[in-house]
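[1] Turn this into a model:
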Amino acid sequence: MAIYLDHAATSPLRPEVLEAMLPYLAEHHGNPSSIHASGRRARQGLDESREIIAQLIGAKPREIVFTAGGTEADNLAIKGVAWAASAKGRHVITSSVEHKAVMNTCAILSRQGFQITYLPVDRYGRVDPAELEAAITERTTLVSIMAANNEVGTLQPVAEIGAICRERKVVFHTDAVQAAAFGPPAPDAWQATLISLSAHKLGGPKGIGALYVRQGTPMVAQTNGGAQERQRRAGTENVAAAVGFAAAMQLAYGESPPNALRDWLLDALAALPGVAVTGHPTERLANSASVVIDGIEGGDLVAALDLEGVEASTGSACTTGSVEPSHVLLAIGIDEARAHGSLRLTLGRGTTQADLDRTVAIVEACVERLRASAPSMVGSA
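    Predicted coordinates:
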């Protein structure tokens, strides 16, 4: 059986989640906007799921907007708030290491006349809150900084960032898609106005996400049609997936994260020749082990690992396959040649020490084989 170490890309659907979803894929098939019995039963499942998610993160049910995933949540947050506040100003601040869902959405706003400031990060991928505060102007309407990086795992100081935004009366959005897999996001502690979430990173189904929208936040809907989701996101809700999302969150937050195994894996990888850890040494996701390896191409290594029964990635699944090096690695100061040799291993709750022992041995053997086939590429750590 393959060793699956790509949980940051997606996590397997948990059996308990599937069981919770099945009734809403069969007998409870109604449209939750219908007033007959089947519709009311579907509405009950949707409302209960919204209440569960809201309770887990310390929000009100009306502040949870169901979306088709984290990407849509990011789009709705950024475009929706930027356009709603455009009369006040058209300045948005983000970071240079955001997920493509944020980066490309900001790029679209830029083409529509908004000014986008991309904050630099340190060598671990962290934003300096003082630099953020200095970048805010009277025309700044939105700050979007992720809670945890999807490639190198670094956690951002979101509570400090949120406090600055609140003091300066600027809306703060954070993409918590990765961070929420190992603990509930905290709207009040983070002082966040908007938080993006996704189910499939924590054992839930694909195709369902949510956006926390603090009550009273002006927003322009990005999907138009009916009055679903309090007129913030039109379209018939995916009831079964929403039920699965709520079930997955309940399960995830009742378990301990795999920090100890992550630390062991990082140490074992760093001990190999020509390997350097990327991301913050301690302020990082509980399951994230990311490195750059001299003398190899990350895509070649991932393919070689796959043949040996280890499933991994070179970084974000959304950018894997691109010939360009990761924008995250370049932003933290990794040179372009070395950035091509990236490897991301992300653990799940079923990952064992035996899995990691075998993985490290296979990584070492594959790297040696790839270097032998291209000796001129080998550098030094």
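[2] What about the closest residue in space to residue 304 that isn't next to it in sequence, how many residues nearby?
    Leaving out its chain neighbours, the residue that sits closest to residue 304 by Cβ to Cβ, 6 or more residues apart in numbering is residue 366, at 4.2 Å. Where C-beta positions appear, they are placed from N, C-alpha and C, glycine not excepted. Neighbour count of residue 366, defined by other Cβ atoms under 10 Å: 22.
[3] host element of residue 366?
    helix 353-373 (DSSP states H and E).
[4] Identify the residues contacting that helix?
    Residues from elsewhere that reach helix 353-373, judged by Cβ atoms under 8 Å, 6 or more residues apart in numbering: 3, 5, 261, 264-265, 268-269, 272, 274, 293, 295-297, 300-301, 304-305, 308-310, 343, 345, 347, 377-378.
[5] Make sure residue 219 is indeed in a strand.
    No - going by DSSP: H, G, I helix; E, B strand; the rest coil, the assignment for residue 219 is coil, not a strand.
[6] pLDDT score for residue 258?
    Here, the pLDDT recorded for residue 258 equals 87.
[7] can you check residue 290 too?
    In this model, residue 290 is scored at 98, pLDDT.
[8] go on, the one 4 residues further on?
    Per-residue confidence for residue 294 comes out at a pLDDT of 96.
[9] and what of residue 86?
    On pLDDT, residue 86 comes in at 98.
[10] for the one 5 residues further on, same thing?
    pLDDT, the model's per-residue confidence, is 98 for residue 91.
[11] Which residues are in contact with residue 23?
    With contact set as Cβ under 8 Å, 6+ apart, residue 23 has these partners: residue 45.
[12] Please identify the helix or strand for it.
    Using DSSP H and E, the element containing residue 23 is helix 15-25.
[13] Quick one: distance of that helix to the chain centre.
    Its chain's C-alpha centre and that of helix 15-25 lie 24 Å apart, by Cα atoms, centre = their mean, to the nearest Å.
[14] Using PDB, list the CA coordinates for the helix or strand following it.
    Downstream of helix 15-25, the next assigned helix or strand under DSSP H and E is helix 37-57. Written as PDB, here are the backbone C-alpha positions of helix 37-57 (Å, rounded to 0.1, in the frame of the first residue of the first chain):
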ATOM      1  CA  ALA A  37     -41.300  18.200   3.600                       C
ATOM      2  CA  SER A  38     -38.300  17.100   1.500                       C
ATOM      3  CA  GLY A  39     -37.000  20.600   1.300                       C
ATOM      4  CA  ARG A  40     -37.500  21.300   5.000                       C
ATOM      5  CA  ARG A  41     -35.500  18.100   5.900                       C
ATOM      6  CA  ALA A  42     -32.700  19.300   3.600                       C
ATOM      7  CA  ARG A  43     -32.900  22.800   5.200                       C
ATOM      8  CA  GLN A  44     -32.600  21.200   8.600                       C
ATOM      9  CA  GLY A  45     -29.400  19.400   7.700                       C
ATOM     10  CA  LEU A  46     -28.000  22.500   6.200                       C
ATOM     11  CA  ASP A  47     -28.900  24.700   9.200                       C
ATOM     12  CA  GLU A  48     -27.600  22.100  11.700                       C
ATOM     13  CA  SER A  49     -24.300  22.000   9.800                       C
ATOM     14  CA  ARG A  50     -24.000  25.700   9.700                       C
ATOM     15  CA  GLU A  51     -24.600  25.800  13.500                       C
ATOM     16  CA  ILE A  52     -22.000  23.200  14.200                       C
ATOM     17  CA  ILE A  53     -19.300  25.000  12.200                       C
ATOM     18  CA  ALA A  54     -20.200  28.300  13.700                       C
ATOM     19  CA  GLN A  55     -20.000  26.900  17.200                       C
ATOM     20  CA  LEU A  56     -16.700  25.200  16.600                       C
ATOM     21  CA  ILE A  57     -15.000  28.500  15.500                       C
END
